[in-house]
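**Q** have a look at this prediction, sequence included:
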Amino acid sequence: DTGVSQDPRHKITKRGQNVTFRCDPISEHNRLYWYRQTLGQGPEFLTYFQNEAQLEKSRLLSDRFSAERPKGSFSTLEIQRTEQGDSAMYLCASSFPGQGYGYTFGSGTRLTVV
Amino acid sequence: AQSVTQPDIHITVSEGASLELRCNYSYGATPYLFWYVQSPGQGLQLLLKYFSGDTLVQGIKGFEAEFKRSQSSFNLRKPSVHWSDAAEYFCAVLGSSNTGKLIFGQGTTLQVKP
């Protein structure tokens, strides 16, 4: 069990640029989640995958955001035309059904839009 | 809609003193409740969870929490705080049993005085 890996750890980008983050879940976990955490706030749910299927998306996930999990393993989160309001920590988590909810989080990718 | 409130944004305790972090939830049925801890720049680690049964649940690192339905509370406690407990603590409720989505409170920052 190598844990949930996220890459990169930090990303600084100029407003208007596109960014992509990667999440590698624990290998036997078929459920994968993305959350966004802004300073001083708790994480907010963005989207959920079961295997390769994206089964729920939050209203927070605007048209500029897209997430994929092409083979049911790793996942990517892309933000197009970044805005300063996108600056946040993006957290990935994974679990398997028998885990009884409560999942394993990665260390996150901190995005700063300048 | 489900929600979680953590009334205390910041708490300071002396090392060795007891700790109680408050959490109130809003949920129609029996909630599934969680406490997570987040060290600076890190992801979230699950401390404990409550689904049913005994209302006093034990977690890792010497933490426990008590579910009180009459008060809609799930407060986290520790008898003797260590300097390494300084971190941010998040209470969460399961928002969807189908997806495992969690709804988090805004967090309580714990500072430990030597």
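**A** Nice, thanks for sending it over.

**Q** only C-alpha atoms from now on, for both contacts and neighbour counts.
**A** Noted.

**Q** element containing the residue nearest to the spatial centre of chain A, please.
**A** Centroid check for chain A by CA atoms, centre = their mean gives residue A:34 as the closest residue, at 3.3 Å. Here residue A:34, judged by DSSP states H and E, is contained in strand A:31-37.

**Q** for residue B:65, same thing?
**A** Since the elements are taken from DSSP H and E, residue B:65 ends up inside strand B:64-68.

**Q** the spatially most central residue of chain B and chain A: what is the separation?
**A** Chain B has residue B:35 as the residue nearest its centroid, 3.4 Å off, counting by CA atoms, centre = their mean. For residue B:35, the distance to chain A (CA to the nearest CA, to the nearest Å) stands at 9 Å.

**Q** pull up the pairing partners for the strand holding residue A:34, direction included.
**A** strand A:44-50 (antiparallel), strand A:88-95 (antiparallel) (DSSP bridges).

**Q** for that strand, what is the distance to the chain centroid?
**A** 5 Å (CA atoms, centre = their mean, to the nearest Å).

**Q** residues contacting that strand, please?
**A** A:25, A:43-51, A:88-97, B:101 (CA atoms under 8 Å, 6 or more residues apart in numbering or on different chains).

**Q** please redo it, this time with the cut-off set to 7 Å
**A** A:43-51, A:88-96 (CA atoms under 7 Å, 6 or more residues apart in numbering or on different chains).

**Q** check the average confidence over it, would you?
**A** Strand A:31-37 shows a mean pLDDT of 96.

**Q** over to stretch A:74-82?
**A** Stretch A:74-82 comes out at a mean pLDDT of 97.

**Q** next one: stretch A:10-20
**A** In the prediction, stretch A:10-20 has an average pLDDT of 98.

**Q** first to last residue in that stretch, what's the distance?
**A** 12 Å (CA to CA, to the nearest Å).
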